[in-house]
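**Q** Following is a predicted model, sequence given first.
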Amino acid sequence: MAAHLKKRVYEEFSKVVQIPHEETPAKKLRLSKPSKSAALHIDLCKATNSTDALQYLLQFARKPVEAESVEGVVRILLEHYYKVKSCGYFFSPFFKNRVDKSRIPSVLKKSQTANDDDSFFQETDNSVRLKIASLLGLLSKTQGFSPDCIVDDAINTLSNEKSHQVLAQLLETLLIIGTQLPESPALRLRLVEVAYKHLSDTYFGVRNKCLQLLGCLGMVDAPLGKENEGAGTSLGGLRDVQSIISDYFGDQDPRVRTAALKAMLQLHERGMKIHQIIYDQACRLLTDDYEQVRSAAVQMVWVLSQLYPESIVPIPSSNEEIRLVDDAFGKISHMVSDGSWMVRVQAAKTLGSMLQVSPHFLEQTLDKKLMSDLRRKRTAHERAKELFASGEFSSGRKWADDAPKEKLDTNTVNLIASGACGAFVHGLEDEMFEVRIAAVEALCQLARSSPSFAEKCLDFLVDMFNDEIEEVRLQSIHVLREISTHITLREDQLDTVLAVLEDSSRDIREALHELLCYTNVSTKECIQLALLELLKNLNKYPTDRNSVWKCLKFLGSRHPTLVLPLVPELLSTHPYFDTPEPDMDDPAYIAVLVLVFNAAKSCPTMPALFSDHTFRHYAYLRDSLSHLVPPLRLPGRKQVYGLDSVDSGPGSGSVESAQLFLQQSLNRVSTIQNLEAPGAQDLLDLTTRDLLRLGELQTELAGAADFCATYLRCQLLLMKALQEKLWNMAVPLCLKQNVTATAAAQQILEETYKLEFLYSGLESRQVATIHHVRLQAKALQLVLTARTRQGLDLLIGSCEKFLQDVESFQRLFLTELPHLQDSFVDKLLELMPRLSSCKPVELVKILQTTLRQSGLLQLRLPEQIHRATATIIEPTGESDNPLRFTSGLVVALDIDATLEHVQDPQNTVKVQVLYPDGQSHVIHPKPGDFRKPGPHRHRLITQVYLSHTAWTEPSQIEVRLLLAYSSSSTSLTSPSKLGWSESLESLPPAEAAVEGTIPFSKAVKVFIMPKPARR
């Protein structure tokens, strides 16, 4: 028995139990940046005086602060503001200003004991406290930080401050806090009370900030009174913000008066309706000694004239009454003669927006003498009544009531001040060109709304064509162009206008050509005079050829009846004798023909005056200059049609039918999944050809048709690259097919960049479709790389790059993924967990299978899409005379091009020069070389400098325009601008951007001949 127990005990203690080992999870190491508040605290403790502390604060202001560190930084700043006993130099005998403990901010009471009486001293250096107050305002703007937690501290600090400058900066901080918290009316009301409390400060800066705070935060829907939860007790009864601000219109400091006016204007911008009683006060401020006050008063008078245009106001020193808008117009007109040119500019600009003024007040601005319409004559009954009331003899009750009075015209009362007469005449004759430009623009705005006023101001605008400043002349031409529908030029006016054609500025001449295109003239002598001056312009400035021809085209089409009696003289025809045939290479003769042929389109009797060679010249110009010569019905001749005249048939080229054809073509392509490979390729090829032809015939849909054709061409290339026999054969047996597929993938990538950057008006859906095709091309490149190249490292890098592209696509087009069902990228996203963990060879096989199984993604028809185009006007490339220059030196080549639908041309348009030896130079034009004559149109006028070594004979160089692009600008959700609290280090590293250029103009060939240098 003992042996048995011994054996059991031995077994019990010798038994080994293995407990499974549980791996403890590894502790994650969190790397955090050092605390900004701790760093600031250490820096401030190092400071031995106020100058060092200010330098540390200035350095700290240049560094970003994260949102989670803002509250700690604010506490450190307030600690330094109140000199908490924690730094060495705080106990210097220099700092003896004690602080009331009831005014200590709440954030400091947490770190101090309640009975520590010697803990707080106030920083005595005003510059340090001023910088701390400024930093509090900057910290309040930090994104992700709510500044409501520091409002109490800022207000308590404000209550204990004695320095006026620091007080003004603290009010600025409160204004920032209030604007950051617009959804808190209680806080805004509290800040308004603080502002009202400090309005009685003696320093103008404090009053300015208080008024600014009232204008930005004052309640626009309720007065400041007893009904607002006791606020009226501190504000002294029921008073609204407007009455408080208007009290400071008469402040002794002009800066405060300006701030009061601006605060009132701020209330108006926020939606509060200004009281009409403010009008009289604003009118008195128009005569203020300070120009900023007068400028703000002009704005205030204008605002009230727009709010109460039909209100009746009395005329001073009379019993007459007029509309408020008329009275305001007269007072602002008087300000055009102000002593300050800035006020004159402000007044002239304001006059242009007062469209509700009466016509007789409007016309008075063009005459320096007071018109009879603005004199109120008294009737005979009123004069007799006044004579009867005065009595025949003196009663003796009033002293000197029978004394002779000064001679006055008692029969009239002026409704407008005499100084306001001829306001625009004064403005157009002003010594400052800024005032003249403002007066011209104001005349334009008023003339567009009043045809009668446009006719009366025509002479004044024409006179401005002789101004000494080019900018004024150019603006006058543009203004006359805008009101050209209301006016007809007389011969004397046209003579003054045409004199500008001799101006050396190309912009002036082209603007005048544009003006003549849309101007009506009165007689045939005007047409003859205009033609003669334009031909002189063409002879003096041959580069204006296209602009002059375009001008004569519109001039002839607008005045066919005036051109008709001039035809025999213009074409040099004779009823009995044959005249010599003019030279068709003469630009002046072509200009005359353009004028005559465009007039003949609306005058069927004119072709009977043509000679035989004129008909031949018409056929030639109709083919060579179809955009200038219209189709004509000539007697005994078949009408010539061009591509631009296809719409002359009954509904053959209407935009609706062309758009329907485009939509039907896209719908037909969507059925490609049901066809075999050869049939599908033929359908894509035919549809692409049809869409390209549609773009040629219908210019309105050229952009959409070319966009769809390019997209279908990409699908056709992808389909040919994924054909069966290429992927069922071994790699050594289909090397030629691999090269073809590689070239197709590269071409698809280039076409997708054209689709994205060459077309404007794309929606998010179209951009996502383009990136989808680009992703397919990259997948094809990856598969071909795995089949043809050896090396695992290269394949791993390519696979990682492709997975990054897929993730980037998902991030950019997250909202468009529901529209990409059963597409290539949709299948990839489903397989994304597997793709991220598999080997490169397996990933390539998955991509190959997914590519071949994915179908055509249907393209949604864009509503409004335009293709960026460029047309090089100069050089024409027609000259056989080479441009000769000495080798080693440079020669300037003038470039003149028209750009259509190009976004940001200053940064994207470049000029490429290709030499015969293969050298290529790319020149970036200056921003000043671009002009914008109209919407979606730009003009490039620049010079390109050429240089080369000596040649043995002349040769041609090619000049074309390129459109530069960068894939980094393709993100639809552009990142927001970095705030004060954001760090550049926290942003993810940007991927390598793909940059390139796209030719978007035809190449022009120019003969040049570099000569060897003489020795």
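**A** Good, I have the coordinates. Numbers count the residues shown, from 1 in each chain.

**Q** residue ranges of the helices in the stretch 351-500 of the chain, please?
**A** Applying DSSP state H, counting those that start in this stretch to the stretch 351-500 of the chain gives helices spanning 359-364, 380-390, 423-428, 433-449, 451-456, 458-463, 470-482, 491-498.

**Q** which stretch among the ones you listed comes nearest Glu751?
**A** Using CB to CB as the measure, helix 470-482 is the one of the helices of the stretch 351-500 of the chain that comes nearest Glu751, at 40.9 Å. For glycine as for every other residue, the C-beta is placed from the backbone atoms N, C-alpha and C.

**Q** and that closest one, how far out from the chain's middle?
**A** Here helix 470-482 shows a centroid-to-chain-centroid distance of 22 Å under the convention CA atoms, centre = their mean, to the nearest Å.

**Q** next one: stretch 352-364
**A** On CA atoms, centre = their mean, the centre of stretch 352-364 falls 31 Å from the chain's centre.

**Q** Show residues contacting that stretch.
**A** 302, 305, 309, 323, 325-326, 328-330, 332-333, 370-371, 373-374, 416, 420-422, 441-446, 449-450, 452-453, 456 (CB atoms under 8 Å, 6 or more residues apart in numbering).

**Q** ok so, going back, between the helices of the stretch 351-500 of the chain, which one is nearest to Gly934?
**A** Gly934 sits nearest to helix 470-482 of all the helices of the stretch 351-500 of the chain, at 11.1 Å, using CB to CB.

**Q** Tabulate the helices of the stretch 351-500 of the chain (CSV), appending distance to Ala786.
**A** Below are the helices of the stretch 351-500 of the chain laid out as CSV (distance: least, CB to CB, whole Å):
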stretch, distance to Ala786
helix 359-364, 79
helix 380-390, 105
helix 423-428, 75
helix 433-449, 66
helix 451-456, 73
helix 458-463, 72
helix 470-482, 62
helix 491-498, 72
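
**Q** Turn those into JSON lines, including mean pLDDT.
**A** Below are the helices of the stretch 351-500 of the chain laid out as JSON lines (pLDDT from 0 to 100):
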{"stretch": "helix 359-364", "mean pLDDT": "84"}
{"stretch": "helix 380-390", "mean pLDDT": "55"}
{"stretch": "helix 423-428", "mean pLDDT": "88"}
{"stretch": "helix 433-449", "mean pLDDT": "92"}
{"stretch": "helix 451-456", "mean pLDDT": "88"}
{"stretch": "helix 458-463", "mean pLDDT": "89"}
{"stretch": "helix 470-482", "mean pLDDT": "90"}
{"stretch": "helix 491-498", "mean pLDDT": "89"}
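
**Q** so which of the ones you listed comes closest to Val844?
**A** That would be, of the helices of the stretch 351-500 of the chain and by CB to CB, helix 470-482, which comes in at 62.0 Å.

**Q** so Gly218 makes contact with Val192?
**A** Yes - checked against CB atoms under 8 Å, the pair Gly218 and Val192 is within contact range at 5.7 Å.

**Q** who are the neighbours in contact with Pro147?
**A** Applying CB under 8 Å, 6+ apart to Pro147 gives the contacts Leu139, Ser140, Ile176, Ile177, Gln180, Leu181.

**Q** try 10 Å this time
**A** 70-71, 74, 136-137, 139-141, 154, 173-174, 176-181, 187 (CB atoms under 10 Å, 6 or more residues apart in numbering).

**Q** Secondary structure element holding Leu889?
**A** Using DSSP states H and E, no element contains Leu889; it sits outside every helix and strand.

**Q** Over to Gly918?
**A** Residue-wise, Gly918 maps onto no helix or strand under DSSP H and E.

**Q** now the contacts of stretch 352-364: which count as buried?
**A** Among these, those classed as buried by neighbour count (16 or more other CB atoms under 10 Å) are 302, 305, 309, 323, 325-326, 328-330, 332-333, 370, 374, 416, 420-422, 441-446, 450, 453, 456.

**Q** What is the neighbour count of Glu68?
**A** 13 (other CB atoms under 10 Å).

**Q** While we're on it, how confident is the model there?
**A** According to the predicted model, the pLDDT of Glu68 comes to 71.

**Q** Kindly report the same for Glu310.
**A** For Glu310, the model assigns a pLDDT of 89.

**Q** wait, doesn't it sit right on Leu324?
**A** Yes - counting by CB atoms under 10 Å, Leu324 is a contact partner of Glu310 at 7.4 Å.

**Q** Could you export stretch 281-292 as PDB, CA atoms only?
**A** Only the C-alpha atoms of stretch 281-292 are listed here, as PDB (Å, rounded to 0.1, in the frame of the first residue of the first chain):
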ATOM      1  CA  GLN A 281     -26.000 113.000 -41.900                       C
ATOM      2  CA  ALA A 282     -24.200 111.300 -44.800                       C
ATOM      3  CA  CYS A 283     -24.800 114.300 -47.100                       C
ATOM      4  CA  ARG A 284     -23.200 116.600 -44.500                       C
ATOM      5  CA  LEU A 285     -20.200 114.400 -44.400                       C
ATOM      6  CA  LEU A 286     -19.700 115.000 -48.200                       C
ATOM      7  CA  THR A 287     -18.200 118.300 -47.200                       C
ATOM      8  CA  ASP A 288     -15.800 116.900 -44.600                       C
ATOM      9  CA  ASP A 289     -12.200 118.000 -44.500                       C
ATOM     10  CA  TYR A 290     -10.900 114.400 -44.600                       C
ATOM     11  CA  GLU A 291     -10.800 112.700 -48.000                       C
ATOM     12  CA  GLN A 292     -11.400 109.200 -46.600                       C
END
